[in-house]
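> Below: sequence and its predicted model.
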Amino acid sequence: AEATLSNIAATDDTYEAFITVMKDEALAEAKAIDEAGIDPDNILSGIPYGIKDNLVTKGVTTTAASKILQNFKPIYDATVIEKLRANGAVGVGKLNMDEFAMGSTSETSYYRKTKNAWDQTKVPGGSSGGSAVAVAAGQVPFALGTDTGGSIRQPAAFNGIVGMKPTYGRVSRWGVIAFASSLDQVGVFTRTVKDNARVLAAMAGQDEKDQTSSDIAVPDFTANLRGDIKGLKIAVPTEYFGAGINADVKTTIKAGIAKLQELGAEVEEVSLPHTKYGVAAYYILGSAEASSNLQRFDGIRYGFRPEGVKNLDDLYVQTRSQGFGDEVKRRIMLGTYSLSAGTYDAFFKKAAQVRTLMNEDFQNVFAKYDLIIAPTTPNVAYNFGANEDDPEVTYMNDVLTIPVNMAGLPGMSVPAGFVNGLPVGMQFIANRFQEETIYRAAYAYE
Ligand code: GLN
């Protein structure tokens with residue numbers, strides 16, 4: 001823990017991955033573990049890790065990278081934090097992200113500008129940009145993130161590491177600051193597939209505090225990591241290699257697929273015909289849920305409260321006008337609009353129907369195949385401010401990650417090579433609760 005903290009102190013001026021370093025808490029926990037003795041049967045015992053700043057940590061400032069939570073100290077720990085502590089892992093700090101996890105570059109953070117681990121002139125990806133960079137730059141061996149539309153897989157791809165978004169319901173959302181509750185899921189960033197399987201096993205499982213968490217048993221995700229994928233049936237969706245996907249990214253992923261074939265997998269091309277509606281439907285549904293979830297930030301209960309307000313209404317208005325950034329306001333407006341009486345049928349209902357069709361697309365494929373392989377992102381990491389004037393360009397870049405969230409599937413990004421000196425991620429997608437298949441194939445590939 002001491003070495004990790006001093007490494008963070010020495011490197012974080014370069015990366016700006018951390019919003020809050022938990023020095024005292026980490027040293028106290030590490031000391032307690034030292035005194036009790038490292039548990040030789042638990043691989044996580046004494047291992048430091050980083051936490052995305054939208055996971056609540058008891059007594060430690062938790063901002064979700066928003067001004068509106070600038071001095072919010074939660075009174076409890078998220079279930080994932082409790083579980084990792086019970087396994088001996090030591091939280092060392094809270095990591096930067098897009099405000100309320102809305103974004104793809106971590107630039108919407110109120111606090112810091114996190115840099116890509118490979119090239120500090122490039123974005124780290126997002127929304128879990130701080131988590132990905134902290135792992136890729138060697139600041140921590142693993143970190144937690146959340147993924148609502150790609151926020152673990154995309155920054156993992158941009159920083160050349162492994163990022164797993166588990167099945168919806170696999171991991172408790174208790175203590176996650178909600179963005180879109182039907183899509184949000186907590187997951188793990190690591191440098192290797194095996195590390196990832198180990199951490200997820202420690203965090204997963206049913207939680208009485210989250211009624212959407214599943215009672216399906218958590219297998220030992222490391223049990224089948226033997227490098228053998230003979231006979232595994234892999235589907236490659238045509239729509240994920242269409243126009244708008246960088247040609248060199250496609251070539252890199254095709255080489256990755258060829259390698260899986262050499263290892264004994266059977267590969268066939270398939271169609272997921274509703275992919276093209278995914279981005280539009282996601283930004284309606286995600287924003288609708290966000291507009292509802294973010295109602296609680298009213299200036300009374302949490303964090304920031306403006307000076308000199310005239311009355312209760314003014315308190316709400318001033319708190320939210322001054323406390324939320326532009327991207328969050330855009331989502332609240334879009335969400336409120338699409339839920340309102342006159343527009344609900346045309347927008348929210350349509351988007352919900354599209355979601356069902358996308359889910360059916362996947363179920364048709366998984367009736368015959370074990371795994372889907374695709375690029376994680378259409379491009380490698382780009383310059384800061386690249387899409388400043390046009391948020392829709394950024395939204396479109398989520399086209400390859402959003403479908404997984406819409407269908408509640410597990411998806412993982414694994415490093416597959418480089419384009420222009422920047423990492424490319426290959427996405428492994430399986431049916432619900434089949435994380436084991438993803439880990440088995442990714443381990444063989446890695
Ligand atoms: N980029 C997507 C968005 O801005 C996904 C974010 C996420 O997964 N939290 O909504």
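All right, it came through fine. Residues are numbered from 1 along each chain as shown.
> Close to the ligand: what parts of the stretch 51-200 of the chain are there?
Within the stretch 51-200 of the chain, the positions adjacent to the ligand are 101-104, 127, 147-151, 179 by C-beta under 6 Å from any ligand atom. Where C-beta positions appear, they are placed from N, C-alpha and C, glycine not excepted.
> mind running it again at 8 Å?
98, 101-104, 126-128, 146-152, 154, 179-180, 183-184 (C-beta under 8 Å from any ligand atom).
> now the stretch 301-446 of the chain
So far as C-beta under 8 Å from any ligand atom goes, the stretch 301-446 of the chain lies against the ligand at 327, 331, 394-395, 397-398, 401-402, 405.
> Let me know the closest of those to the ligand.
The closest of these to the ligand turns out to be Asp398 (C-beta to the nearest ligand atom; 4.8 Å).
> ok, back up a step: filter the residues of the stretch 51-200 of the chain next to the ligand down to just the ones in strands.
Among those, the members falling in strands (DSSP state E) are Thr146.
> Helices of the stretch 1-150 of the chain, start to end?
Here the stretch 1-150 of the chain has its helices, by DSSP state H, counting those that start in this stretch, at 2-15, 23-36, 79-86, 129-136.
> Quickly compare those helices and say which is most buried.
Among the helices of the stretch 1-150 of the chain, ranked by average contacts under mean count of other C-beta atoms under 10 Å, first place goes to helix 129-136 (a mean of 34).
> Can you check what angle separates that one from helix 2-15?
Compare the direction of helix 129-136 with that of helix 2-15 by axes from the mean of the first three to the mean of the last three C-alpha atoms, to 10 degrees and you get 120 degrees.
> Return helix 129-136 as CSV; C-alpha atoms alone will do.
Output of helix 129-136 as CSV, limited to C-alpha atoms (Å, rounded to 0.1, in the frame of the first residue of the first chain):
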residue,chain,number,x,y,z
GLY,A,129,-11.3,6.9,-17.9
GLY,A,130,-9.5,7.3,-14.5
SER,A,131,-10.0,3.6,-13.7
ALA,A,132,-8.6,2.4,-17.1
VAL,A,133,-5.6,4.8,-16.9
ALA,A,134,-4.7,3.9,-13.3
VAL,A,135,-4.5,0.2,-14.3
ALA,A,136,-2.7,0.8,-17.7
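> In this structure Leu55 contacts Ile81, no?
Yes - here Leu55 reaches Ile81: they are 6.3 Å apart, a contact under C-beta atoms under 8 Å.
> Which neighbours do these two have in common?
Contact criterion C-beta atoms under 8 Å, 6 or more residues apart in numbering; residues bridging Leu55 and Ile81 by contacting each: Gly175.
> doesn't Gly425 fall inside a strand?
Yes - counting by DSSP: H, G, I helix; E, B strand; the rest coil, Gly425 is part of a strand.
> Where does the closest residue to it other than its chain neighbours sit, in terms of helix or strand?
Spatially, and ignoring its direct neighbours in sequence, Gly425 is nearest to Ala157 (2.5 Å; C-beta to C-beta, 6 or more residues apart in numbering). Element membership for Ala157 (DSSP states H and E) is helix 153-158.
> Also Ala202?
Counting by DSSP H and E, Ala202 is part of helix 193-203.
> Pairing partners for the next helix or strand after that helix, with directions?
Per DSSP H and E, helix 193-203 leads on to strand 233-237 as the next helix or strand towards the C-terminus. Looking at strand 233-237 with DSSP bridges, its partner strands are strand 266-270 (parallel), strand 371-375 (parallel).
> list the contacts for Ala9?
Val21.
> farthest residue from the center of the chain?
Lys310 (39.8 Å; C-alpha atoms, centre = their mean).
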